[in-house]
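>>> using only what follows, build the 3D model:
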Amino acid sequence: MVEYGCVYISDFFEKKGYSMIDIHCHILPGVDDGAKNLTESLEMARQAINEGIDTIIATPHHQNGKYVNRKVEIINRVQKLNKVINNEGIDLMILPGQENRIFGKILEEYEKGEILTLSGDSTYIFIEFPTRYVPRYAKQLLYDIQLHDLVPIIVHPERNVQLMEHPNQLYEFVKNGAATQITASSLTGHFGKKIKKFTEQLIEANLTHFIASDAHNTTTRAFKMNEALDVLEEKYGIDSIYYFTENAELLVDGSQIIREAPELIKTKKFFGLF
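As a prediction, this is how the structure comes out:
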């Protein structure tokens, strides 16, 4: 039995009933490539309950070249969705959030009230890199974001081609104060063996702090959180589940998250596994 202060892991999960907070989900209807309509949003809500999730941060894409979802619009849509979910008798709470594609004027938009922190009033903000590369200005921007008393969370770094090829770059980001969030489906292998292996390396090197679904629907991009937790427990023990679930709670509470000292991923070992 693993002990954290006076709290035992087994007691924690017995008390919590395996409930979870999903900090990254595209459940808002008709705003991006997630739920297409209210019917699909409700299907996702019911699937989330079956996964043991009781709270979801809705994180529609923003400024990714296709979708624009500003703070006020997101908050209004979250309020409407919560009313419908409540009327349907689904015991799920939706909180507002935003998945921001990195762009140079993000802090200007933040000052204008167009950028939303996770859960609406925390100091945590999602930052998404393009799939194949990391912009050259990323290091400076992540630093500038922190100067505004915000904590940047790099979403799904395990699926970024440049970071897979140069993992030390992610190490530098984390060492300098950024946090990261891996995707449940990456850990379960639904994105392929290479991404699964890199995800495991990020966990082992203390280069990630959250696990979330990044669910877009109930079929091709479902939650997979239960399956991911099973993988975590089998490979790393129940204390790893505690680490990720506790960090999600701390984020929603606006508290400082748990961090372990980041480590370098050995490049030769990384490439040798492919």
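>>> when you work out contacts or count neighbours from here on, use the C-alpha atoms and nothing else.
OK.
>>> residue 164: what's it in contact with?
The contact partners of residue 164, by CA atoms under 8 Å, 6 or more residues apart in numbering, come to 158, 198.
>>> would you say residue 226 is within a helix?
Yes. With DSSP: H, G, I helix; E, B strand; the rest coil as the criterion, residue 226 is assigned to a helix.
>>> can you pull the contacts of the nearest residue to it once chain neighbours are set aside?
Leaving aside its sequence neighbours, residue 226 sits nearest to residue 51 (CA to CA, 6 or more residues apart in numbering; 5.8 Å). By CA under 8 Å, 6+ apart, the contact list for residue 51 reads 223-226.
>>> and residue 131, how many neighbours?
14 (other CA atoms under 10 Å).
>>> report the contact partners of it.
Contacts for residue 131 (CA under 8 Å, 6+ apart) come out as 159-161.
>>> quick one on the thing from earlier: phi, psi of the residue nearest to residue 226?
phi -80, psi -10 (degrees, to the nearest 10).
>>> residue 196 and residue 225, how far apart?
15 Å (CA to CA, to the nearest Å).
>>> so those two - more neighbours on which side?
Of the pair residue 196 and residue 225, residue 225 is the one with more neighbours under other CA under 10 Å, namely 25 against 21.
>>> so the more buried one is in contact with residue 210, correct?
No. The pair residue 225 / residue 210 is not scored as a contact, 11.9 Å apart, by CA atoms under 8 Å.
>>> hey, what's in contact with both of those two?
If you check residue 225 and residue 210 against CA under 8 Å, 6+ apart, no residue is contacted by both.
>>> all strands for the chain, in order.
Here the chain has its strands, by DSSP state E, at 3-4, 7-8, 20-25, 53-58, 61-62, 93-96, 99-101, 124-128, 151-155, 179-183, 210-212.
>>> mind putting the ones you listed in a markdown table, distance to residue 262, mean pLDDT and mean neighbour count included?
Listed next are the strands of the chain as a markdown table, based on distance: least, CA to CA, whole Å; pLDDT from 0 to 100; neighbours: other CA atoms under 10 Å:
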| stretch | distance to residue 262 | mean pLDDT | mean neighbour count |
| --- | --- | --- | --- |
| strand 3-4 | 20 | 34 | 10 |
| strand 7-8 | 25 | 40 | 12 |
| strand 20-25 | 22 | 97 | 26 |
| strand 53-58 | 26 | 98 | 23 |
| strand 61-62 | 28 | 98 | 24 |
| strand 93-96 | 29 | 98 | 22 |
| strand 99-101 | 24 | 98 | 24 |
| strand 124-128 | 19 | 98 | 24 |
| strand 151-155 | 15 | 98 | 25 |
| strand 179-183 | 11 | 98 | 25 |
| strand 210-212 | 14 | 98 | 28 |
